[in-house]
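A.B. asks: No letters, just coordinates:
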C-alpha cells in the first residue's frame, strides 16, 4: 500500500464523470478526459527488478523511477494473497520505493500510473517473484549467569542476538524460553529492553533448588526473515538462603541463613548527600582488593569529599560502585553514624567474614535510608524491588493480551562509592 492520496482523488473524479456522463476534465486541470484509456507507459518508467525472469531478493527494496518528462502519480504493489507493500513516492513524482519488507517466495504485481507533460495518463503493470532469502537472520539466545552455584536472589537472564520490538514477536520469543526448577516454583519473564529479558520466581528461589533454562526457538519464525536459532541451555544450583539486612537508622546489619540469624554487624552507610540506596540488591561479585577514587563518581580531587584509598574484602551490589567492604578508617562510627559515600562499611574482620559467607546471587537489603530506591534494572539486579503484579506486566505474553507497554531500562554509573 503506498502512502500517496492521489489514487483516491483520481478514482473519485472518475466515478463522478461516469455518473454524470459528461466530458469533464481530469482532476488537476488536465485537458484529457478521464474516460480515455491510459497509454502504455513502459517507455517512461524503469524498474529495479532484475531482467530475464530472475527473482528479486526479498531483503532489498524495489524501486520504480520515471524517465523523460513523465512523472509517477501512483504505485500499488501487492502479492498474490492481497498483501500491500508500503512505499514512498517522491514529491516530484520521479521515484517510488518500497519501505516495508517483501515476503519470500511470493509473486507480486506492481501497478504504476504516470502523467506526461501534457497531462496524458499512462499505466504499466509489472510483475516479479521473490526468491527465498540467501540467509535467514537467526535469533540466538544467551542465558545468564554462567553455570554454577548462586544465591536465592539470582535472576536468570536472556540476551538476544537481535532486538525484538513487536509485541507479538516478543510473545513468540517469551513462550519459547523455558525455565524449570526443582522444586517447582511460580515465575515469569519480564522484558528489560529490546534485547534483554529477566526471569525470577514470585518469591526467592528455594534453598537447594536446581534451575534449568533452555530455548525452544530453533526453527521458529519470530518475525519477517527472523527465525530462532540454536541456543545453549543453562543449569544453576541454588545455595542456602543468605539475606543481609542493613538498617541504616540503627547502623546494624543482620545476616540470616535459611531464616536464622548468624551474625549482627555494626556498619556505617551513606552520609547526607551520599545516602545508600534503599531496597533489595543482589551480590554481583567479590573483589579482595579495589582501588577506590572519588573522581570516578564526580568528586573533584583535592576537594573536601575527595578520596583515593585501597579497599579490601569488597562485595559488589551495584554496577555503579556500591559495595559492602572493609572500612577501618570509619570503625569509630560503625554502629553509631553514617559517614560513607554510599557503600556499607564495616571492620576488616567483619568484612572478611561477610566476603567469605556470601556468594553471587545472595540478597543484600537496605532499609530506613534516606537514599533513593534501588533501580529495578540497569544498575545490577534490583528485580526484587518490583511487586509481582508489576513484574508480570513486563511479560510480552500478558502485554499481547492486554495491550500493556514496558518501561525503559535505567542507565547506571560505572564507578565505586565508599
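C.D. replies: Cool, the structure landed. From a predicted model like this one, the values you see are computed outputs, not experimental measurements.

A.B. asks: use CA for all of it now, contacts and neighbours both
C.D. replies: Will do.

A.B. asks: Helix or strand: which one has the closest residue to residue 207 other than its chain neighbours?
C.D. replies: Using C-alpha to C-alpha, 6 or more residues apart in numbering and skipping residues adjacent in sequence, the residue nearest residue 207 is residue 240, 4.8 Å away. Here residue 240, judged by DSSP states H and E, is contained in no helix and no strand.

A.B. asks: so who does residue 240 touch?
C.D. replies: Remark: with contacts taken as C-alpha atoms under 8 Å, 6 or more residues apart in numbering, residue 240 is in contact with 151, 152, 207, 208, 257, 258.

A.B. asks: Look up the closest residue to the last one, ignoring the ones flanking it.
C.D. replies: Going back to what we said before, that points to residue 258. Closest residue to residue 258 in three dimensions, ignoring its sequence neighbours and counting by C-alpha to C-alpha, 6+ apart: residue 241, at 4.7 Å.

A.B. asks: burial of that neighbour, as a residue count?
C.D. replies: 23 (other C-alpha atoms under 10 Å).

A.B. asks: quick one, phi psi at it?
C.D. replies: Backbone dihedrals for residue 241, given as degrees, to the nearest 10, come out at phi -80, psi 100.

A.B. asks: thinking again about what came up before, the residue nearest to residue 207 and residue 293, how far apart?
C.D. replies: 34 Å (C-alpha to C-alpha, to the nearest Å).

A.B. asks: Quick one: the strands in the stretch 1-150 of the chain, in order.
C.D. replies: Assigned by DSSP state E, counting those that start in this stretch, the stretch 1-150 of the chain shows strands spanning 25-26, 30-33, 39-40, 45-47, 63-66, 71-79, 87-89, 95-98, 107-115, 121-129, 137-139, 141-144, 148-150.

A.B. asks: Looking at these, which is nearest to residue 232?
C.D. replies: For the strands of the stretch 1-150 of the chain, distance to residue 232 was read as C-alpha to C-alpha. The smallest value, 7.0 Å, belongs to strand 141-144.

A.B. asks: Run me through the strand neighbours of the closest one, direction for each.
C.D. replies: Strand 141-144 sits in its sheet next to strand 156-160 (antiparallel), going by DSSP bridges.

A.B. asks: Next secondary structure after the partner strand?
C.D. replies: Counting by DSSP H and E, the element that comes right after strand 156-160 along the chain is helix 167-176.

A.B. asks: List the buried residues for that next one?
C.D. replies: Going by neighbour count (16 or more other C-alpha atoms under 10 Å), the buried part of helix 167-176 is 167, 168, 169, 170, 171, 172, 173, 174, 176.

A.B. asks: from what I can see the fourth one touches residue 394, true?
C.D. replies: This means residue 170. No: contact criterion C-alpha atoms under 8 Å: residue 170 and residue 394 do not qualify, at 10.9 Å.

A.B. asks: Buried subset of the contacts of residue 240 as a PyMOL selection?
C.D. replies: Selecting just the buried residues from those in PyMOL takes one command, with 16+ other C-alpha under 10 Å as the test:
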select buried, resi 151+152+207+208+257
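
A.B. asks: Reformat the contacts of residue 240 as TSV; add pLDDT, secondary structure and distance to residue 103.
C.D. replies: Conversion of those to TSV gives the following (pLDDT from 0 to 100; DSSP: H, G, I helix; E, B strand; the rest coil; distance: C-alpha to C-alpha, whole Å):
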residue	pLDDT	secondary structure	distance to residue 103
151	98	coil	47
152	98	coil	46
207	98	coil	50
208	98	coil	49
257	98	strand	57
258	98	coil	56
